[in-house]
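S.K.: what's the 3D shape of this:
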Amino acid sequence: MGVLELKQTLVGHKGRVWNVSWHPSGETLASCGEDKTIRIWFNNQSNWVLKSILTEGHSRTIREISWSPCGNYLASASFDATVAIWDQRTGQFECNTTLEGHENEVKSVSWSVSGQLLATCSRDKSVWVWEINDDEYECADVINAHTQDVKKVRWHPQKDILASASYDDTVKIFKEDTSSSSWICVSTLASHTSTVWSLSFNNDGDRIVTCSDDNTLKIWQQYEPDNELNIPTPDNEPVWKCVCTLSGFHSRTIYDVDWCKKTGLIVTACGDDVIRIFREESDSDKHEPTFSLVCSMENAHTQDVNCSQWNPSSPGYLASASDDGIVKIWFYSD
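M.R.: Model (predicted):
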């Protein structure tokens with residue numbers, strides 16, 4: 001079994017901390033929560049210090065934050081039904097743009113790998129895709145494919161393909177239909193028996209891990225047309241198959257999952273206050289993979305763990321956020 005070592009505890013938020021997001025450099029961390037603030041933490045010689053508190057962007061809880069791939073912008077999604085775009089190119093964070101249109105709480109926000117697209121989702125059951133040109137944000141499409149609250153949006157790590165997770169127990173995959181410029185659902189991933197809270201692509205983008213209110217993780221494999229197993233691909237679109245279900249490890253709802261793009265490790269944040277890490281077995285079959293639990297940090301927080309995210313540039317480091325109002329920095333080693 002591996003070891004998860006607590007490196008630092010970051011305090012300051014009042015009430016729940018919903019989310020953390022690493023800057024692409026891995027040297028800055030943003031956190032957000034119930035107190036309607038965003039806190040920016042900076043790594044100063046392995047000591048994380050508070051750099052800024054952003055307070056002017058939202059009138060209600062901030063549910064999620066996301067750094068742009070270039071690291072110049074931070075997007076924040078709020079229960080006030082808006083998304084704020086923070087620009088730090090001048091060295092100071094300025095909220096230059098507020099995106100409006102959702103009818104209810106915005107639950108998640110995500111940048112495409114190119115930085116030219118932004119996705120948002122809401123309790124209003126919709127997913128919005130925004131196009132970005134010279135700091136101008138224009139709604140490219142409103143997608144109404146889900147029948148319930150949409151919890152999470154995540155872009156493919158290499159392509160302009162979008163995945164969303166919902167209270168309707170499904171994950172949906174979207175891409176732009178070039179003939180109409182509208183975004184269409186090309187795949188529905190249905191296997192969970194309750195709300196899908198979060199999802200994460202692997203490094204290549206041909207696998208997705210999902211986590212759910214049904215206390216399970218599921219691994220989905222993409223099959224392209226003319227695949228080696230001869231799995232049918234209607235309309236020549238890739239299909240996604242659930243190839244592994246991890247059950248019996250979590251005792252309550254799994255709120256977040258992150259697939260490390262560098263190490264292949266999967267980390268989960270759970271309502272039982274535990275952070276767990278999984279690794280694929282070395283002799284695992286791609287089409288029937290086996291994953292093992294390599295670390296279980298009991299009482300990682302004193303209340304629900306809402307978020308757990310790997311550092312994108314420093315393998316082994318991760319951050320977690322909890323209902324206990326605290327952000328923690330961890331290091332995992334085998």
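
S.K.: Now do the same contact list for Gly271.
M.R.: Gly271 makes contacts with Arg252, Thr253, Ile254, Tyr255, Asp304, Val305, as judged by C-beta atoms under 8 Å, 6 or more residues apart in numbering. C-betas here are computed from N, CA, C, even on glycine.

S.K.: need the contact list for the fourth one.
M.R.: The one in question is Tyr255. Counted by C-beta under 8 Å, 6+ apart, Tyr255 has contacts Trp197, Ser198, Cys211, Ala269, Cys270, Gly271, Asp304, Val305, Asn306, Cys307.

S.K.: In a strand, the fourth one, correct?
M.R.: Yes - when classified by DSSP: H, G, I helix; E, B strand; the rest coil, Ala269 is found to be part of a strand.

S.K.: Pretty sure it sits against Met297.
M.R.: No - using C-beta atoms under 8 Å, Ala269 is not in contact with Met297, being 10.8 Å away.

S.K.: Need the overlap of contacts for those two.
M.R.: Ile275.

S.K.: higher neighbour count, the two?
M.R.: More crowded of Ala269 and Met297, by other C-beta atoms under 10 Å: Ala269, with 29 against 22.

S.K.: and that one, bridged to which residues?
M.R.: Going by DSSP bridges, Ala269 is paired in beta bridges with Asp256, Ile275.

S.K.: Now do the strands in the stretch 151-300 of the chain.
M.R.: Secondary structure of the stretch 151-300 of the chain by DSSP state E, counting those that start in this stretch: the strands cover 161-166, 170-177, 182-190, 196-201, 207-212, 217-223, 239-246, 254-259, 266-270, 275-280, 291-297.

S.K.: orientation of the longest one relative to strand 196-201 in degrees?
M.R.: The one in question is strand 182-190. 110 degrees (axes from the mean of the first three to the mean of the last three C-alpha atoms, to 10 degrees).

S.K.: In strand 182-190, which residues are buried?
M.R.: Judged by neighbour count (16 or more other C-beta atoms under 10 Å), strand 182-190 contains these buried residues: Trp183, Cys185, Val186, Ser187, Leu189.

S.K.: so what pLDDT did the closest residue in space to the second one that isn't next to it in sequence get?
M.R.: Looking back up the chat, that one is Cys185. With sequence-adjacent residues excluded and distances taken as C-beta to C-beta, 6 or more residues apart in numbering, Cys185 is closest to Ala145, at 4.4 Å. You'll see Ala145 listed with a pLDDT of 98.

S.K.: Cool, thanks, talk later.
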